[in-house]
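J.: How does the following fold in three dimensions:
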Amino acid sequence: MSAQELNPDLVPNDLHIISLPARVSSQPETHKLLERTDIKSCLSTPDSCILTPYSCILTPDACTSPRLYLIRHGETEWSLSGQYTGRTDLLLTAHGEAAARKVGERLKNVSFAHVLTSPLQRARQTCARAALEPTPEIEPNLIEWDNGDYEGCTLAEIREVQPEWNLFRDGAPNGETPVQISDRGDRLLAHLRTFDGNVALFSHGHLCRVLAARWIGLSVEQAAPFLLNTASISILSYAHGCPDEPAIALWNSEADELFNPAPMPNSVAAKGIQNNVKVEIKFTPTNAKPEDKFGCCCGS
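T.: Sure thing, here's the model as predicted:
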């Protein structure tokens, strides 16, 4: 998203996390509390500000439109080994539990109207370690894609039997077909669109990729390139706050990628007021290296 694509008069109050180039000066004396008009001016005239490849976190005190936070569960033994994990009810590894706690740290200042989780243990554990409020509820439709006969297999093993196999195009023998998973995802999204405020969804890699694709009108097959790591955070929202413009505001962000309890020396904070809603913008370089390696995207 560029400054030219973002109408300053339509900066939504409910915006929590977006990725865009930050227009901030490198001069220390300009690192000040900005009024809303300063922020809008910078968005309106990006050439007047220094373009720096930053990520932007906006933390409002309230949200007024539905925003879906997709949270993939933490690491399991099969996500490490690359085995397809559908209905097998695995627990998190110690590393997976630690990453789940980081998810909670990352999202601790977000006010959620609902917290929903898949019934499978790896998602419920991630939800419990993240410790978000309000009290989580089980949502059966957040369960992972049923891999049928390919459950527990690696991609290499499957392609020995079925060369060029792709789950998102072909489904799995005796498992869910792409049509079935698409219908399930559509039913779930239709239900979630009736909610107000932020909704945290603790789920699984393949199902989250399907939800993202269907949210923006793509087919299940087109969800294949949407790689998703364990204990990652993604956000489904609306462009310009318009319900008829579904968009992906954040994708596959590591829990500690943009979270830093002690702000970095080159970070900048800006605050403004609009309609009695405080907007805090924290800029942190996108090239900050997360400590943990990404989990495998195959194990789900």
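
J.: Please name the nearest non-neighbouring residue to A131.
T.: Spatial nearest neighbour of A131, excluding adjacent residues (CB to CB, 6 or more residues apart in numbering): G104 at 5.0 Å. Backbone N, C-alpha and C define where each C-beta goes, glycine included.

J.: Contacts only, for the one you found.
T.: Applying CB atoms under 8 Å, 6 or more residues apart in numbering, we find G104 in contact with R129, A130, A131, L132.

J.: can we see that at 10 Å?
T.: For G104, the contacting residues are I71, T126, C127, A128, R129, A130, A131, L132, A255, by CB atoms under 10 Å, 6 or more residues apart in numbering.

J.: And the strands in this structure?
T.: Along the chain, the segments classed as strands by DSSP state E run 17-18, 22-23, 51-52, 54-60, 67-72, 112-117, 137-138, 198-203, 232-238, 246-254, 268-274, 277-285.

J.: Can you list the strands that the fifth one pairs with?
T.: This points to strand 67-72. strand 198-203 (parallel), strand 232-238 (antiparallel) (DSSP bridges).

J.: ok, T117 - how many residues close by?
T.: By the measure other CB atoms under 10 Å, the count of residues near T117 is 24.

J.: Give the closest residue to E139 in space, chain neighbours not counted.
T.: Ranked by CB to CB, 6+ apart and with sequence neighbours excluded, the top spatial neighbour of E139 is L116, at 4.1 Å.

J.: For the lengthiest helix in the chain, C-alpha coordinates in PDB please.
T.: Looking across the chain with DSSP state H, the single longest helix is helix 178-192. C-alpha atoms of helix 178-192 as PDB (Å, rounded to 0.1, in the frame of the first residue of the first chain):
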ATOM      1  CA  PRO A 178     -11.500 -28.000  -2.400                       C
ATOM      2  CA  VAL A 179     -15.200 -27.400  -3.000                       C
ATOM      3  CA  GLN A 180     -16.000 -28.600   0.500                       C
ATOM      4  CA  ILE A 181     -13.400 -26.600   2.200                       C
ATOM      5  CA  SER A 182     -14.400 -23.500   0.200                       C
ATOM      6  CA  ASP A 183     -18.000 -23.900   1.300                       C
ATOM      7  CA  ARG A 184     -17.000 -24.400   4.900                       C
ATOM      8  CA  GLY A 185     -14.800 -21.300   4.800                       C
ATOM      9  CA  ASP A 186     -17.600 -19.200   3.200                       C
ATOM     10  CA  ARG A 187     -20.100 -20.300   5.900                       C
ATOM     11  CA  LEU A 188     -17.600 -19.300   8.600                       C
ATOM     12  CA  LEU A 189     -16.800 -15.900   7.000                       C
ATOM     13  CA  ALA A 190     -20.500 -15.100   6.500                       C
ATOM     14  CA  HIS A 191     -21.000 -15.700  10.300                       C
ATOM     15  CA  LEU A 192     -17.900 -13.700  11.300                       C
END
